[in-house]
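1. Sequence and predicted model, in that order:
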Amino acid sequence: MAELRKKHKTWIKEFLTPNLVENQKLITCKNPKEHIEIEAIEIKEMSLEVAFMLTVCYFVKISIKIRTEHEQCEGEDGYDETLFDIVVKFAPDVEPDLYEIWGMQEKFGNEITTYEHIAPKIESLSKSPKCLYSHNEPSDAVIVLSDFSNDGWKMSKLKVNLPLDHIIVAVKELGRFHGQMYALKLTDADAFQSMKSRLLNSRFGEVTDEWNICLELGIRRATYSVRTSIESREIVPETFLKRLEEVMYGVYDYLGKRNRPIEPIAIICHGDYLRNNIAFRYDVDGKAIEAMMFDFQTMCYSSPMIDLTTFIANSTGWKVRNKHFSEIFSAYHESLIGSFIQASKWEESKIPEYLKYDNMLKEYACYLPFGLGIASAFLQFLHDKETPNFEQKSPIKETIRFALDKGGDVVDAELRALVVDIYQLHDKLDLNLEKL
């Protein structure tokens with residue numbers, strides 16, 4: 001591990017930084033008499049405490065001195081000194097079979113595709129980080145991005161159970177993104193198809209034994225938590241719990257099938273829209289006022305509800321949802337429709353039926369088990385401070401303990417609440433759980 005980090009840092013110092021300077025990715029020389037010198041490079045590895053991630057990331061601060069011949073510039077010895085902050089993301093150094101199972105080449109391919117071919121055409125992505133360098137070879141990939149913190153963006157200090165102000169701006173941003181994607185799909189089919197055809201399947205291929213166990217036991221943990229809660233047991237009938245277990249049996253396969261596109265509602269989605277991949281801007285009082293999505297490795301063509309249910313199930317808490325779900329869903333839907341109308345230039349009367357509020361709410365209800373499936377194996381990571389080692393296989397007993405116990409009562413309560421949400425929405429909207 002230490003040798004790998006040393007290799008990364010050497011590459012950043014000896015290849016990447018000179019390359020960025022030479023290709024004028026950091027600063028553009030307009031005067032042929034300007035001379036640029038790399039003064040210092042500071043490298044700091046990003047901790048898993050910041051965010052859950054499979055990649056190896058570094059914050060890099062580059063100090064550059066610019067001297068102009070025959071001109072006395074400000075700064076010591078006639079130099080102007082400028083600082084640049086970048087983020088360098090390396091693919092994990094794992095065995096080739098695990099690299100393939102994780103779909104790392106596809107994930108890096110999708111992110112590069114997004115920066116090169118999708119972001120320039122989708123206005124809501126214009127505030128995302130800028131890609132400065134990339135390469136993507138088998139078992140060797142790297143992406144270099146501008147550091148969005150320089151533009152006032154910050155990740156939430158909370159990894160889970162975001163406050164309402166964060167939730168509202170996050171779903172509004174998601175609705176804005178989805179609305180612009182629908183507008184492109186319906187007004188410029190060729191451009192949309194060109195984007196879609198470049199995306200690779202980066203999820204729901206092969207699966208590790210550990211992850212499969214976590215998913216299967218996570219769903220059982222959720223339904224067991226309902227059965228052992230007097231309050232929840234009075235709300236959710238046993239017949240519904242058994243049906244949910246039947247429908248989601250083979251969770252990984254269920255998620256893969258649910259992720260497949262169904263027309264006409266399918267669009268290009270982020271694919272992993274949750275707190276780890278969202279940054280916020282705040283007002284002077286610390287209130288979240290704007291959100292930005294990043295990390296586009298799981299971009300895919302599917303129902304927009306894979307994004308919304310992933311966010312709701314993994315980044316919001318049941319206490320906020322119980323009080324404010326209508327407000328949250330309305331904020332998302334109003335943003336989607338407003339964005340669609342603005343981008344398409346269509347009148348409101350031309351909006352497709354499947355984008356109307358009631359139909360989108362039904363779509364959300366049908367896809368909420370997808371969000372539960374992701375949460376059933378992911379909330380444990382988010383609520384527990386123990387950092388997993390993804391590069392080593394875990395003993396089966398340890399994996400079982402992790403799936404059933406990590407996060408304790410807090411995770412039990414969140415999973416239980418998601419099952420209750422699924423039941424109540426299906427009951428209210430007169431829907432049946434679908435066997436895929």
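-> That came through, no problem. Numbers count the residues shown, from 1 in each chain.

2. in the helix or strand harbouring N19, what's buried?
-> Element membership for N19, per DSSP states H and E: helix 17-22. For helix 17-22, the neighbour count (16 or more other CB atoms under 10 Å) marks T17, L20, V21 as buried. In this view, the C-beta of every residue, glycine as well, is placed from N, C-alpha and C.

3. now do stretch 118-126
-> I118, A119, I122, S124, L125.

4. For the closest residue to A313 other than its chain neighbours, give its distance to S335.
-> For A313, ignoring the flanking residues on the chain, the nearest one in space by CB to CB, 6 or more residues apart in numbering is G371 at 3.2 Å. Distance, G371 to S335, using CB to CB, to the nearest Å: 19 Å.

5. quick one on the thing from earlier: which residues are in contact with the helix holding N19?
-> Helix 17-22 has contacts (CB atoms under 8 Å, 6 or more residues apart in numbering) with 25-27, 36, 38, 41, 60, 62, 64, 86, 132-133, 144.

6. hmm, try it at 6 Å
-> Here helix 17-22 makes contact (CB atoms under 6 Å, 6 or more residues apart in numbering) with L26, I36, I38, I41, I62.

7. Ok, stretch 160-167 next?
-> Stretch 160-167 is contacted from outside by S156, K287, A288, S315, T316, G317, V320, H324, I328, L382, using CB under 6 Å, 6+ apart.

8. again, only this time at 8 Å
-> Residues contacting stretch 160-167 (CB under 8 Å, 6+ apart): 156, 158, 170, 275, 280, 287-289, 291, 314-317, 319-320, 324, 327-328, 379, 382-383, 414.

9. Just those: which are in strands?
-> Among the contacts of stretch 160-167, the members falling in strands (DSSP state E) are F280, A288, I289, A291.

10. Derive a PyMOL selection command for the buried subset of the residues you listed.
-> To isolate in PyMOL the members of those that are buried, counting by 16+ other CB under 10 Å, one can use:
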select buried, resi 280+288+291
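
11. Let me have the ones in strands among the contacts of stretch 160-167 in JSON lines, adding pLDDT and distance to G408 as columns.
-> JSON lines is the format used below for these (pLDDT from 0 to 100; distance: CB to CB, whole Å):
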{"residue": "F280", "pLDDT": "98", "distance to G408": "28"}
{"residue": "A288", "pLDDT": "98", "distance to G408": "28"}
{"residue": "I289", "pLDDT": "98", "distance to G408": "34"}
{"residue": "A291", "pLDDT": "98", "distance to G408": "30"}
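
12. Dump the ones in strands among the contacts of stretch 160-167 into JSON lines; add distance to L418 as well.
-> JSON lines is the format used below for the ones in strands among the contacts of stretch 160-167 (distance: CB to CB, whole Å):
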{"residue": "F280", "distance to L418": "24"}
{"residue": "A288", "distance to L418": "23"}
{"residue": "I289", "distance to L418": "28"}
{"residue": "A291", "distance to L418": "22"}
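
13. So which of the contacts of helix 17-22 wins on neighbours?
-> I62 (23 neighbours; other CB atoms under 10 Å).
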